[in-house]
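A.B. asks: Sequence and predicted structure, then a few things I'm wondering about:
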Amino acid sequence: TLFRSWQNSTKHSCITDYTGYLNYQGKTWRKPKYTIQEKIYFIPTETEIDQLIAASNPTLATLLQFLKETAARIGEAVAVTHNDIDTQNKTVAINHPEKGSLPRLIPISPELIVMLNNLPKTDKPIFLTTSTKHGLRITFEDMRNRTATKLNNPRLKQIHFHTLRHWKATTEFLKLKDGYYVRQLLGHKTSTMTDRYINIAKALLHNTDEQWICKAATTPEEATTLIETGFQYVNDIKGISLYRKRK
């Protein structure tokens, strides 16, 4: 059958989704177990992620921006409601962690808050108001494949929802060199899982010529905007503050 030809990671995801459906129905089953072969995570560039966001419809674009900023798993993201968003303090509460992770409070950008507020406000989870988790994934994969063809960039086809979690964890360690912070961001109870991202980040830092986007700020407002969008302070030259962010 088709199921037998799938990789164990795909089988595991399918079984997890089906178990969630049964739990919703108040049912249980004896689910099979599959050993997942670990692989080195694919880490896209931020430009590639932003290209997919720009090509998406409003709901999907907001979801991708949410995953990019929070490093949440897709199941954690689609459980978020407007009650979990604190617009005053610019944070989101991940109150439904998966895989034994910890709940966490994560800062988000003003840009993302605007995008979230533009989506319908109902009692349902934000991203499931007009679609399902499976529907979001199908819509994403269709858009991603079309965009990869349009931009002649086959690397885009390697990006999945969970890829944005890998990207965020890796880039945050490259930026801050703080493994404990990355562990808290991901909600890991131990450092074992976090170390995988740190090892990838160290390899990227060692083997890749770093390229930067540089910006200058002359007012506190400009500096605040740059910091909120991921830029790091570098130095002051003649009253101008210089910031940089990896491409």
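C.D. replies: Done, it's in. Predicted model, so just to flag it, every value in this text is computed and none were measured. Residues are numbered from 1 along each chain as shown.

A.B. asks: list the contacts for the residue nearest the centre of the chain?
C.D. replies: Nearest residue to the geometric centre of the chain (C-alpha atoms, centre = their mean): Leu67, 2.8 Å. Shown in contact with Leu67 (C-beta atoms under 8 Å, 6 or more residues apart in numbering): Ile74, Ala77, Phe161, Leu164, Arg165, Lys168. Using the backbone N, CA and C atoms, a C-beta is placed for each residue, glycine as well.

A.B. asks: Let's see that with 7 Å instead.
C.D. replies: With contact set as C-beta atoms under 7 Å, 6 or more residues apart in numbering, Leu67 has these partners: Ala77, Phe161, Leu164, Arg165.

A.B. asks: how close does it sit to Val78?
C.D. replies: Relative to Val78, Leu67 is positioned 10 Å away (C-beta to C-beta, to the nearest Å).

A.B. asks: again with Ile53
C.D. replies: 17 Å.

A.B. asks: higher neighbour count, these two?
C.D. replies: For Ile53 versus Val78, neighbours defined as other C-beta atoms under 10 Å are more numerous around Val78 (20 against 17).

A.B. asks: the strands in this protein, which residues?
C.D. replies: 85-86, 91-94, 104-107, 212-217, 232-237, 240-246 (DSSP state E).

A.B. asks: between those, which one is nearest to Asp123?
C.D. replies: Taking C-beta to C-beta, strand 85-86 is the member of the strands of the chain nearest to Asp123, at 14.3 Å.

A.B. asks: Residues contacting the closest one, please?
C.D. replies: So strand 85-86 is contacted by Val92, Leu116 (C-beta under 7 Å, 6+ apart).

A.B. asks: Give the pairing partners of that strand; include direction for each.
C.D. replies: strand 91-94 (antiparallel) (DSSP bridges).

A.B. asks: Can I get the strand it pairs with in PDB? Just the C-alpha atoms.
C.D. replies: Provided in PDB are the C-alpha atoms of strand 91-94 (Å, rounded to 0.1, in the frame of the first residue of the first chain):
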ATOM      1  CA  THR A  91       3.800  38.400  23.100                       C
ATOM      2  CA  VAL A  92       2.000  35.100  22.300                       C
ATOM      3  CA  ALA A  93       1.400  32.300  24.800                       C
ATOM      4  CA  ILE A  94       2.000  28.800  23.500                       C
END
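
A.B. asks: what's the spacing between it and its chain's center?
C.D. replies: 13 Å (C-alpha atoms, centre = their mean, to the nearest Å).

A.B. asks: List the buried residues for that strand?
C.D. replies: Thr91, Val92, Ile94 (16 or more other C-beta atoms under 10 Å).

A.B. asks: Okay, Ile237 and Ala217: tell me how far apart.
C.D. replies: Taking C-beta to C-beta, one finds Ile237 at 12 Å from Ala217.

A.B. asks: So for the two, which sits in the more crowded spot?
C.D. replies: Ala217 (19 against 9).
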